[in-house]
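A.B. asks: fold the following.
(one chain, ligands or ions: 1)
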Amino acid sequence: RPRVLSGIQPTADSFHLGNYLGAVRQWVALQETHDAFYMVVDLHAITVNPSPAELRRRTRVAAAQLFAAGLDPERSSVFVQSHVREHAELAWVLICQTGMGEAGRMTQFKDKSSKYGEGSAGVGLFTYPILQAADILLYQADQVPVGADQKQHLELSRDLAQRFNNRYGRTFTVPSPYILKEVEKITDLQDPTAKMSKSSSSPQGILDVLEQPGPLRKKVMRAVTDTGTDVVADDENKPGITNLLRILSAITATPIPELEARYAGQGYGTFKKDVAEAVVDAFAPIRERTEKLLGDEAELDRMLAAGAAKARAVAAETMAHVRENIGFLPTP
Ligand code: TYM
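C.D. replies: You can find the predicted model right below:
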């Protein structure tokens, strides 16, 4: 079985529709056909210095949502990144293979650091994509299911794998991105050319998986569209309607042309109402299962411990090769 690996940050109190359609849904599907490793990336989350209580809460909420969305602890290894020490260890080794210019070209770093004054963005934000490469290469992942915003980070992971293999002998599988075009970039409901984002969208622009039906419906009904009346996909002129079409198409597994035909001549109201119901129906069971899982923290922590044990076995094996190939003495 080919191997997949991916990760999600515990930087908000809920995943949003972009995380779900762009990534998590694929994770659930891929566990049927792949050897699957999925993690909550708390080491990445500390690049923005959350409070300890907030980090702990969000890490558990994130893990619970992954199980609630359908990840099966029997078929997938679901774990918390910091439970596997090798991530930090390999990150250092890969930092030493990366050029300053190469790291400085990462557009997510440029976006995130632009919020800080000159020179005051953290070094962790700068090395963030290298830690991500370590996550991927530790597990010899063949494919990495992500949204479009992770393309550049995946390129870096590939480059680092190839460079390390050339310098020190074959050590890592060179990973490929696994990106579904139709859902690679779900956009902000209030700003439909920008991606829906935990850090930059307004609350009105985001649909949270754990949100109640009332606010979800309201936000969809108030989503920014154009002044026309035709429900047709057109990225240039109708980015808002196109985003809603993609959402409804993905959730209900209905091709966009079929939806265009169904809503022909009906205006935006009926269409938006159906989008809202589809989102509510998709999210409600995940929210309910998440609440249930969070009600038994000891059991949730046990599930994560089992995931970490499976992950550690693979990570330790890769790291042993890395240590030998790079020239570290055997650990006494
Ligand atoms: P994060 O936590 O920002 O997002 C998790 C996943 O959701 C996808 N995504 C979207 N997809 C479609 N439309 C959107 N609007 C949207 N917003 C987010 C992201 O592409 C991502 O797949 N750096 C990663 C976490 C990470 C990781 C890894 C991923 C750490 N190590 C190793 C893969 C492999 C991140 O910040 O994801």
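A.B. asks: in the host helix or strand of A320, which residues are buried?
C.D. replies: Using DSSP states H and E, A320 maps to helix 297-326. For helix 297-326, the neighbour count (16 or more other C-beta atoms under 10 Å) marks 300, 303-304, 307-308, 310-312, 314-315, 318-319, 322-323, 325 as buried. The way it works is simple: take the backbone N, C-alpha and C, and place the C-beta from them, glycine included.
A.B. asks: that one near the ligand anywhere?
C.D. replies: No: on the criterion C-beta under 6 Å from any ligand atom, helix 297-326 is out of touch with the ligand, staying 12.5 Å away.
A.B. asks: quick one: distance of that helix to the chain centre.
C.D. replies: 20 Å (C-alpha atoms, centre = their mean, to the nearest Å).
A.B. asks: which elements pack onto that helix?
C.D. replies: Applying 3 or more C-beta pairs under 8 Å, 6 or more residues apart in numbering; DSSP states H and E, we find helix 297-326 packed against strand 35-40, helix 52-68, strand 76-80, helix 86-95, helix 123-138, helix 267-294.
A.B. asks: out of those, which is closest to the ligand?
C.D. replies: Nearest to the ligand among the helices and strands packed on helix 297-326 is helix 123-138; the distance by C-beta to the nearest ligand atom comes to 4.0 Å.
A.B. asks: next SSE after the closest one?
C.D. replies: Assigned by DSSP H and E, the successor of helix 123-138 is strand 143-145.
A.B. asks: contacts for whichever helix or strand comes after that next one?
C.D. replies: Heading C-terminal from strand 143-145, the first helix or strand you meet, by DSSP H and E, is helix 151-168. Helix 151-168 is contacted from outside by 94, 97-98, 102, 106-108, 129-130, 132-133, 136-137, 144, 146, 171-177, 179, 325-326, using C-beta atoms under 8 Å, 6 or more residues apart in numbering.
A.B. asks: same question for stretch 52-61.
C.D. replies: Contacting residues not belonging to stretch 52-61 are listed as 10-14, 40, 42, 45-46, 50, 80, 210, 290, 294, 297, 300-301 [C-beta under 8 Å, 6+ apart].
A.B. asks: got a list of what F109 touches?
C.D. replies: 103, 121, 125-126, 128-129.
A.B. asks: let's see 10 Å
C.D. replies: 47, 103, 121, 125-129, 152-153 (C-beta atoms under 10 Å, 6 or more residues apart in numbering).
A.B. asks: any idea how far I130 lies from I95?
C.D. replies: Per C-beta to C-beta, to the nearest Å, I130 is found 5 Å from I95.
A.B. asks: shared neighbours of those two, anything?
C.D. replies: 103, 160.
A.B. asks: tell me which of those two has more neighbours.
C.D. replies: Neighbour totals were compared for I130 and I95, and I130 leads with 25 against 16 (other C-beta atoms under 10 Å).
A.B. asks: pretty sure the more buried one sits against E102.
C.D. replies: Yes: in this structure I130 lies within contact range of E102 using C-beta atoms under 10 Å: 9.4 Å.
A.B. asks: got any ranges where the stretch 201-332 of the chain has weak pLDDT?
C.D. replies: For the stretch 201-332 of the chain, no stretch has pLDDT under 70.
A.B. asks: in it, what residue is nearest the ligand?
C.D. replies: For the stretch 201-332 of the chain, C-beta to the nearest ligand atom, closest residue to the ligand: S201, 8.5 Å.
A.B. asks: now that residue, nearest residue through space, not along the chain?
C.D. replies: D188 (4.5 Å; C-beta to C-beta, 6 or more residues apart in numbering).
A.B. asks: now the closest residue to L180 other than its chain neighbours: how far from the ligand?
C.D. replies: Once flanking residues are discounted, L180 sits nearest to Q26: 6.4 Å by C-beta to C-beta, 6+ apart. Distance, Q26 to the ligand, by C-beta to the nearest ligand atom, to the nearest Å: 9 Å.
A.B. asks: heads up, I number from 28, so please use that
C.D. replies: That works, and once the first residue is 28, the last one we named lands at Q53.
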